[in-house]
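Chemist: Return atomic coordinates for the entry below.
(2 chains)
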Amino acid sequence: MALDLSTALPDAAVKLGFPAADWRAAVIAAGDALVSSGATTDRYTQEMVAAIDRLGPYIVIAPGIAIAHARPSDAVLRSGLSWVRLEVPVAFGHAHNDPVGLVIGLAARDHEDHLEVMSALAGALADRGLSAALATADTPARVRELLAGDIGD
Amino acid sequence: MNVVCVCGMGIGTSIILKMNAEKALGRLGVPATVTTSDISAARGAAQGADLILTSAELAEKLADISAPVAVVNNFMDATEIETVLSDHLPRS
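Modeler: Below you'll find the model as predicted:
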């Protein structure tokens, strides 16, 4: 798959075993990871948190997995992902999919921008074997390998 | 069949739902067009839609919409999406 995850998900955007006290801290961590990888500014992080305050925890799209994101805006410097696996899962207040152990930050400049990365992400997370491997991946490089469909060691 | 997947921003979660809904409709053998919308544009996007797919949180905000609204809890669960879709297939 021609997917440049080394650009979309660099080491600086991955935190594994992150200690977060609550959903807000977890989303801020995903936002900070986007900022430190050069994808967004701090305002994008604030917008991700504000979206959940306004619309509820709908971003918890599957058991244990939240996709934190905000609208495309000039707070997005380039498209990117971040990956925050929490040390201890936290509640987002979702009726079916709590608690959340993985927060994936998503920054896109426009609606078409991120289709390829989202497609790889959806494919990987929908695959039960792969999502189990992703949940225990212990390095950023391993996360990228699994997302790119390179399952072999 | 016209299906609209609604999320808060129209990027991200609705795109995941759209991809998995397209796969499920393919398996069900139902010819369909699947599009995405953000919650603020959903009322307009619902014009001419046969079905709206969204999360429980956002479905509450779409209670007065004209098209049927179906809730998907796990956007990654192919079986759940297929069941929700088959429950809402147009009778022909």
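Chemist: then the lowest-mean-pLDDT helix or strand in chain A to CSV, C-alphas only?
Modeler: Least confident helix or strand, chain A: helix A:115-126 with a mean of 77, by mean pLDDT, DSSP states H and E. What follows is helix A:115-126, C-alpha atoms only, in CSV (Å, rounded to 0.1, in the frame of the first residue of the first chain):
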residue,chain,number,x,y,z
LEU,A,115,-8.9,9.3,2.9
GLU,A,116,-6.0,7.1,2.2
VAL,A,117,-4.8,7.1,5.8
MET,A,118,-8.3,6.7,7.1
SER,A,119,-8.8,3.8,4.8
ALA,A,120,-5.7,2.0,6.1
LEU,A,121,-6.8,2.8,9.6
ALA,A,122,-10.3,1.5,9.2
GLY,A,123,-9.0,-1.7,7.5
ALA,A,124,-6.5,-2.4,10.2
LEU,A,125,-8.9,-1.7,13.1
ALA,A,126,-11.7,-3.8,11.6
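Chemist: does the nearest residue to B:N73 once chain neighbours are set aside count as helix, strand or coil?
Modeler: Leaving aside its sequence neighbours, B:N73 sits nearest to A:H96 (CB to CB, 6 or more residues apart in numbering or on different chains; 4.2 Å). For glycine as for every other residue, the C-beta is placed from the backbone atoms N, C-alpha and C. Under DSSP: H, G, I helix; E, B strand; the rest coil, A:H96 falls in the coil class.
Chemist: and A:H96, how many residues sit next to it?
Modeler: 14 (other CB atoms under 10 Å in any protein chain shown).
Chemist: cool, A:S131 as well?
Modeler: Count around A:S131 with other CB under 10 Å applied: 18.
Chemist: Also A:D4?
Modeler: Neighbours of A:D4 (other CB under 10 Å): 11.
Chemist: ditto for B:G48
Modeler: Quick note: B:G48 (other CB under 10 Å) scores 10 neighbours.
Chemist: Am I right that it falls within a helix?
Modeler: No: B:G48 is assigned coil when assessed by three-state DSSP, not a helix.
Chemist: per-residue pLDDT, B:A32?
Modeler: Looking at B:A32, its pLDDT stands at 94.
Chemist: quick one, phi psi at it?
Modeler: phi -150, psi 150 (degrees, to the nearest 10).
Chemist: check contacts around it.
Modeler: B:1-3, B:22, B:25 (CB atoms under 8 Å, 6 or more residues apart in numbering or on different chains).
Chemist: how many other residues sit next to residue 64?
Modeler: Looking at chain A here, since you left the chain open. A:G64 has 16 nearby residues by other CB under 10 Å.
Chemist: Chain B, not that one
Modeler: 7.
Chemist: List phi and psi for A:D138.
Modeler: Dihedral angles (degrees, to the nearest 10) for A:D138: phi -110, psi 0.
Chemist: Then the one 4 residues further on?
Modeler: Torsion angles at A:R142 (phi, psi; degrees, to the nearest 10) stand at phi -70, psi -40.
Chemist: ok, now A:V84?
Modeler: phi -120, psi 110.
Chemist: my read is A:G17 is in a strand, agree?
Modeler: Yes: assessed with three-state DSSP, A:G17 lies in a strand.
Chemist: Can you get me a residue count around the nearest residue to it once chain neighbours are set aside?
Modeler: Nearest residue to A:G17, sequence neighbours excluded (CB to CB, 6+ apart): A:E87, at 4.8 Å. By other CB under 10 Å, 12 other residues sit near A:E87.
Chemist: Next: the one 5 residues further on.
Modeler: When neighbours are counted by other CB under 10 Å, A:F92 registers 23.
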